[in-house]
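Asks: Sequence first, predicted model second:
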Amino acid sequence: MDARGGPLRIVAILFMVMALCFPVFAGPTFIYGGDFNLQIPAGPDAGKGWMDDAIIEVSRHATISDIDVGITLMHSNAFDLQIFVQSPLGTRLCLNMYDFKDEFFKGEDYIQTIFDDEAEIPIELGTAPFTGRFRPKTGSLLEVFDGEDAYGLWRLQIYDMWYWDTGSLDRVELIITICEPTTVTLLAFGIGLTALFRPRRK
């Protein structure tokens with residue numbers, strides 16, 4: 001190895017290590033979902049129970065960096081509802097539910113409600129109709145989906161745990177930010193490869 005070749009090879013290796021160790025950054029954001037007209041609970045004679053699943057199809061393979069869930073629903077007693085989201089891989093998360101003994105309140109609806117791990121206010125401190133951004137129920141962060149492939153059928157599931165009050169789900173949106181290496185990372189890796197395999201002058 002000549003005098004110049006040694007340092008050049010070391011620099012090249014450092015560039016490649018930097019590129020491989022550099023964190024993957026969030027890439028573009030895509031929104032999937034739309035309008036629904038699903039009764040809560042399902043069926044006109046159901047006093048309580050499950051709504052039919054709202055199924056959202058994500059049509060692209062992409063690794064999730066961050067996900068938020070937006071819902072709009074009408075219900076005469078929002079306290080009654082337990083709300084879940086399930087990924088195509090079967091990972092299931094409770095977005096919100098309440099304990100009758102300690103958390104009872106009167107109020108209606110979720111209007112343009114977005115569950116977002118980065119929101120300042122936890123859903124427990126919100127008031128119906130919960131318009132705006134809220135963190136999911138304490139202990140149930142959406143980061144559980146980070147790293148999963150977004151592709152496939154997602155499900156929003158709602159359980160109405162008390163009789164008498166009813167409603168309907170109007171809209172669901174999955175706001176998915178995917179992982180994407182930065183241009184800087186790829187450039188550093190390319191510089192390293194070029195320098196490492198560049199023919200040396202004799």
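Replies: That came through, no problem.
Asks: Could you use CA atoms for every contact and neighbour count after this?
Replies: Will do.
Asks: Count the neighbours of residue 129 for me.
Replies: Other residues lying near residue 129 total 18 when counted by other CA atoms under 10 Å.
Asks: Likewise for residue 54?
Replies: Around residue 54 there are 22 residues (other CA under 10 Å).
Asks: Report the contact partners of the spatially most central residue of the chain.
Replies: Nearest to the mean C-alpha position of the chain, by CA atoms, centre = their mean, lies residue 67 at 1.9 Å. If a contact means CA atoms under 8 Å, 6 or more residues apart in numbering, then residue 67 has 116, 142-143, 145-146, 174-177 as its contacts.
Asks: repeat for residue 142
Replies: With CA under 8 Å, 6+ apart, residue 142 has these contacts: 66-68, 93, 116-117, 136.
Asks: Got the phi and psi for it?
Replies: phi -70, psi -10 (degrees, to the nearest 10).
Asks: residue ranges for the strands of this protein, please.
Replies: For the chain, the strands defined by DSSP state E cover 25-40, 49-50, 54-58, 64-75, 81-86, 92-96, 110-115, 132-134, 152-160, 167-180.
Asks: now these in TSV, with mean pLDDT?
Replies: Below are these laid out as TSV (pLDDT from 0 to 100):
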stretch	mean pLDDT
strand 25-40	90
strand 49-50	93
strand 54-58	98
strand 64-75	97
strand 81-86	97
strand 92-96	97
strand 110-115	98
strand 132-134	97
strand 152-160	97
strand 167-180	94
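Asks: Distance to residue 122 for those strands - can I get that in TSV?
Replies: As requested, the strands of the chain are exported to TSV (distance: least, CA to CA, whole Å):
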stretch	distance to residue 122
strand 25-40	23
strand 49-50	25
strand 54-58	24
strand 64-75	14
strand 81-86	15
strand 92-96	10
strand 110-115	9
strand 132-134	5
strand 152-160	19
strand 167-180	19
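Asks: Between those strands, which one is closest to residue 121.
Replies: Closest to residue 121 of the strands of the chain is strand 132-134 (CA to CA; 5.2 Å).
Asks: What are the contacting residues of the closest one?
Replies: Applying CA under 8 Å, 6+ apart, the contact partners of strand 132-134 are 112-117, 119-123, 126.
Asks: Pretty sure residue 151 sits against residue 56.
Replies: No: counting by CA atoms under 8 Å, residue 56 is not a contact partner of residue 151; they are 10.3 Å apart.
Asks: Run through the bridge partners of residue 155.
Replies: Taking DSSP bridges, one finds residue 55, residue 86 as the beta-bridge partners of residue 155.
Asks: Sweet, I'm off.
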